[in-house]
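>>> predicted model and sequence below, questions to follow.
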Amino acid sequence: MNIYLDTADVNEIKKYFDLGIVAGVTTNPTIISRTGKEFITVINEIVEIVKGLPVNAEVISLDAEGMITEGRELAALNPSIVVKIPMCMEGLRAVKVLSDEGITTNVTLVFSVTQALMAARAGATYVSSFLGRVDDVGGDGIALIQDVITIFKEYGIKSKVIAASVRHMGHVIGCAKAGVDICTIPSSLIPSMANHPLTTQGLNQFLEDWKKVPTKK
Ligand code: E4P
């Protein structure tokens, strides 16, 4: 499972990119709005930091023509840009045109297996299923991810599955066990993925015991 960062905070991206754990970045209009910066400026900053890794930037048009125009403009910024398109009929039309032009696309706001299948068939490079928001309305987000993976495998679908709307460690573990291609994770969750109280306790014990080791006179 590859780890993407679901943030546009360039300091957080820099910090975790330097650890070598990041395989890409996802943003959406809400995430961009939190930066207080202009959209293209932030996207260019992220592209600069992650040096060729995929950077997802979302269109805001609701009609296919507008999405196609925005998608072409975003793709022209850098080859590492992935154009995020919302799941809807107009979005599917845009994905078909953009993917035929060789532009990498990510269909976002996917909440059902049928939506995932349609996005893939339209030519999406990536399909983002939103597990946290499914859980929010009483559904089973991990089950959705598992079903999408099963169906893509069953029919030899090449689109990669992104688990999005990840809210806690249980989601991350569930995604890893489900065999998802990519899990896009808010940067606030990364420390919990690396830390464990028994590691801290074990290290403290080792350092305490080390004091008892005789030193050479
Ligand atoms: C990812 O591509 C999405 O933008 C993101 O995961 C949405 O997460 P949220 O449901 O926590 O807003």
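Sure, I can see it.
>>> helices along this protein, start to end?
Ranges of helices in the chain, per DSSP state H, are 10-17, 29-33, 39-50, 64-77, 89-100, 113-122, 131-136, 141-154, 169-178, 190-194, 197-210.
>>> so for the chain, the centremost residue is which one?
residue 184 (2.9 Å; C-alpha atoms, centre = their mean).
>>> returning to what we had before: of all the helices of the chain, which one comes closest to the ligand?
Between the ligand and those, the tightest spacing by C-beta to the nearest ligand atom is seen for helix 131-136, at 4.7 Å. Any C-beta I mention is one placed from the backbone N, CA and C, and that applies to glycine too.
>>> circling back: what bridges to the residue nearest to the centre of the chain?
For residue 184, the beta-bridge partners under DSSP bridges are residue 4.
>>> that one and residue 7 touch, don't they?
No. Using C-beta atoms under 8 Å, residue 184 is not in contact with residue 7; the gap is 9.2 Å.
>>> which residue is the nearest non-sequential neighbour of residue 113?
residue 147 (4.9 Å; C-beta to C-beta, 6 or more residues apart in numbering).
>>> how near is that neighbour to residue 138?
17 Å (C-beta to C-beta, to the nearest Å).
>>> over to residue 207?
47 Å.
>>> who has more neighbours, those two?
Using other C-beta atoms under 10 Å as the criterion, residue 207 and residue 138 rank with residue 207 on top: 9 against 6.
>>> distance of that one relative to residue 201?
11 Å.
>>> ditto for residue 91
Counting by C-beta to C-beta - residue 91 and residue 201 are separated by 49 Å.
>>> same question for residue 128.
Residue 128 is 38 Å from residue 201, by C-beta to C-beta.
>>> next one: residue 176
Distance from residue 176 to residue 201, by C-beta to C-beta: 24 Å.
>>> between those two, which has more neighbouring residues?
When residue 176 and residue 201 are compared for neighbours, residue 176 comes out ahead with 13 against 10, by other C-beta under 10 Å.
>>> in contact with that one, which residues are there?
1, 183 (C-beta atoms under 8 Å, 6 or more residues apart in numbering).
>>> likewise for residue 172?
166, 183, 185, 189, 193.
>>> where does the chain have low pLDDT?
Within the chain, not a single segment meets pLDDT under 70.
>>> so which residues on it come close to the ligand?
6, 26, 28, 108, 128, 130, 132-133, 164-165, 184 (C-beta under 6 Å from any ligand atom).
>>> now the residues you listed: which count as buried?
With neighbours counted by 16 or more other C-beta atoms under 10 Å, these contain buried members at 6, 26, 28, 108, 128, 130, 164-165, 184.
>>> among the residues you listed, which are in strands?
6, 26, 108, 128, 130, 164, 184 (DSSP state E).
>>> surely residue 178 and residue 148 touch.
No. At 9.1 Å, residue 178 and residue 148 do not qualify as touching, with contact defined as C-beta under 8 Å.
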